[in-house]
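Q: Everything below, folded, please.
(one chain, ligands or ions: 1)
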Amino acid sequence: MPDLNPSAAPLLPTPPAYAAELATLRAEIDALDDALHDIVMRRAGIVARLAESRAKGAGPALRPGREAAILRRMLARHAGPLPRSALVRLWREIFAASTAMQSNFTVVAAADNEHADAVMRLTRAHFGGTTPIRAMTTVGQALAALLSGEAAIATLPAPEPEEREDAAWWVRFDANSLQVTARLPFLAEPGSHGVLVVSPTPPDPSGRDRTLLRIELTADFSHARLTRLLADAGIPAHSLQIRRTGEQALALAEVAGFWEADDPRLKSLAGLHVQRLGAYAEAEPG
Ligand SMILES: C=C(O[C@@H]1C=C(C(=O)O)C=C[C@H]1O)C(=O)O
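A: Got it, this is the predicted structure:
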C-alpha cells in the first residue's frame with residue numbers, strides 16, 4: 001500500500017504516566033455526552049408536544065424571531081473556550097431539526113448573481129446540514145417556488161445601494177403575499193454580503209428587530225427630507241436608499257424596531273404609500 005499521507009504523525013501509545021489522566025478526562029466527556037444527549041432528546045420531545053398541540057396556533061412551524069431570541073439569550077450567558085460561532089452552529093442544527101419535525105421544509109436559494117457563494121453558504125449555515133436547499137437561477141424563480149408552495153423559504157441577496165435595475169428585486173416584491181422574515185448572518189461577519197430570508201408568512205418579533213419599508217415618493221423627494229420625515233414620525237432609519245425612475249421614486253428604508261404591516265403610523269406617514277416588506281432580528285456581534 002502506498003503511504004497516502006506521509007506527513008501524518010504516527011499514533012504513539014499514550015505514555016503510561018498520562019494514561020490515567022486520559023481515561024479520566026474521556027470518562028468525563030462520555031458522561032457529559034450522555035447528559036447532553038438526554039437533554040437533546042427531551043427537548044425534541046417537547047417540540048413534538050408543541051407541534052401536536054394547538055398552543056402555537058395556525059401558521060408556519062418556523063419562527064425566526066423566536067429562534068433569534070433563544071440565540072441571543074444563549075450568547076448573553078456564553079462563557080469559556082467554545083467560540084460564539086460554534087454555539088450558534090450547534091443551535092442552528094437543533095432549530096433545523098425541530099422545524100423539520102414539525103413540517104415538510106424545503107428552501108430555495110437565489111444563487112444566480114455575483115453573491116451566489118454568500119447566499120448558498122449562509123443559507124446552508126442557517127438551515128443546517130440536512131435541510132433540502134435548491135439553487136434557483138433567478139430571484140423570480142425562487143419567489144415563484146414560494147408562491148406555488150413548492151418551497152417554504154427563499155433566500156435572496158440583501159439589497160445594496162447602486163445595484164443594477166434587474167438586481168433590485170425589492171422594487172417588484174409582492175409584499176401582500178410574501179414577507180422578509182430574517183436577515184443572515186445573525187452573528188455578524190465583517191465583509192460578508194447579507195442574505196434575506198423570505199416566506200409566505202409574516203415575521204415574528206425577536207425583541208430587538210428592524211423593519212424593511214418600501215415608500216413611494218415623487219422624484220424630487222430628497223434623501224435628507226425622507227430621513228427627517230421618518231425620524232420625526234418616530235421611525236428612525238438605519239439605512240435608506242432611493243431609486244428614481246422618471247417622475248417616480250421608490251425608497252427602501254431599514255428602520256429601527258418591529259413594525260406591524262398595518263400599523264396606522266406607517267399608513268399615515270405624510271400621505272405617502274408605505275408598505276412593509278418584512279422585519280427581522282438585529283444581528284449580534286460575531
Ligand atoms: C419549537 C418551535 O418551533 C420552531 C423551533 C424552535 C426551537 O427548536 O426552539 C423555535 C422556533 C421555531 O422555529 C417554537 O415555535 O417554539
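Q: Now do the strands for the protein: every range, in order, please.
A: Under the criterion DSSP state E, strands of the chain are mapped to 107-110, 133-136, 153-157, 179-184, 195-199, 209-218, 237-245, 248-256, 273-281.
Q: Identify whichever of these lies nearest to the ligand.
A: strand 179-184 (10.3 Å; C-beta to the nearest ligand atom). C-beta here means a position set from N, CA and C on the backbone, and glycine is covered the same way.
Q: and the angle for the closest one with strand 248-256?
A: For strand 179-184 against strand 248-256, the angle by axes from the mean of the first three to the mean of the last three C-alpha atoms, to 10 degrees is 60 degrees.
Q: if we can go back for a sec, take the strands of the chain and write them to a markdown table, including mean neighbour count and mean pLDDT.
A: Below are the strands of the chain laid out as a markdown table (neighbours: other C-beta atoms under 10 Å; pLDDT from 0 to 100):
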| stretch | mean neighbour count | mean pLDDT |
| --- | --- | --- |
| strand 107-110 | 26 | 96 |
| strand 133-136 | 17 | 95 |
| strand 153-157 | 26 | 96 |
| strand 179-184 | 24 | 98 |
| strand 195-199 | 23 | 97 |
| strand 209-218 | 20 | 96 |
| strand 237-245 | 15 | 94 |
| strand 248-256 | 19 | 96 |
| strand 273-281 | 22 | 97 |
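Q: Show me what residue of the stretch 1-150 of the chain gets nearest to the ligand.
A: As assessed by C-beta to the nearest ligand atom, the ligand sits closest to Ser98 within the stretch 1-150 of the chain, at 3.3 Å.
Q: How many residues are close by that residue?
A: By the criterion of other C-beta atoms under 10 Å, Ser98 has 19 neighbours.
Q: Ok, Leu71 next?
A: Counted with other C-beta under 10 Å, the neighbours of Leu71 add up to 21.
Q: thinking it is in contact with Glu284, fair?
A: Yes. At 7.3 Å, Leu71 counts as touching Glu284 under the criterion of C-beta atoms under 8 Å.
Q: Quick check: neighbours shared by those two?
A: Common contact partners of Leu71 and Glu284 (C-beta atoms under 8 Å, 6 or more residues apart in numbering): Phe186.
Q: Now for the residue in the stretch 151-286 of the chain positioned nearest to the ligand: which residues touch it?
A: Residue nearest to the ligand within the stretch 151-286 of the chain: Asp204 (8.5 Å; C-beta to the nearest ligand atom). Asp204 makes contacts with 63-66, 181, as judged by C-beta under 8 Å, 6+ apart.
Q: So which of these would count as near the ligand as well?
A: 63, 66 (C-beta under 6 Å from any ligand atom).
Q: hmm, which two among the contacts of Asp204 are most spread apart?
A: The largest separation in these, counting by C-beta to C-beta, is between Arg66 and Thr181 at 11.2 Å.
Q: coming back round to it: any chance of JSON lines for the strands of the chain, columns distance to Thr227?
A: JSON lines is the format used below for the strands of the chain (distance: least, C-beta to C-beta, whole Å):
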{"stretch": "strand 107-110", "distance to Thr227": "30"}
{"stretch": "strand 133-136", "distance to Thr227": "35"}
{"stretch": "strand 153-157", "distance to Thr227": "25"}
{"stretch": "strand 179-184", "distance to Thr227": "21"}
{"stretch": "strand 195-199", "distance to Thr227": "22"}
{"stretch": "strand 209-218", "distance to Thr227": "12"}
{"stretch": "strand 237-245", "distance to Thr227": "6"}
{"stretch": "strand 248-256", "distance to Thr227": "9"}
{"stretch": "strand 273-281", "distance to Thr227": "15"}
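Q: which of the residues in the one helix or strand in the chain whose mean pLDDT sits lowest are buried?
A: Lowest on mean pLDDT, DSSP states H and E among the helices and strands of the chain sits helix 264-267, with a mean of 91. By neighbour count on 16 or more other C-beta atoms under 10 Å, the buried set for helix 264-267 is Leu266.
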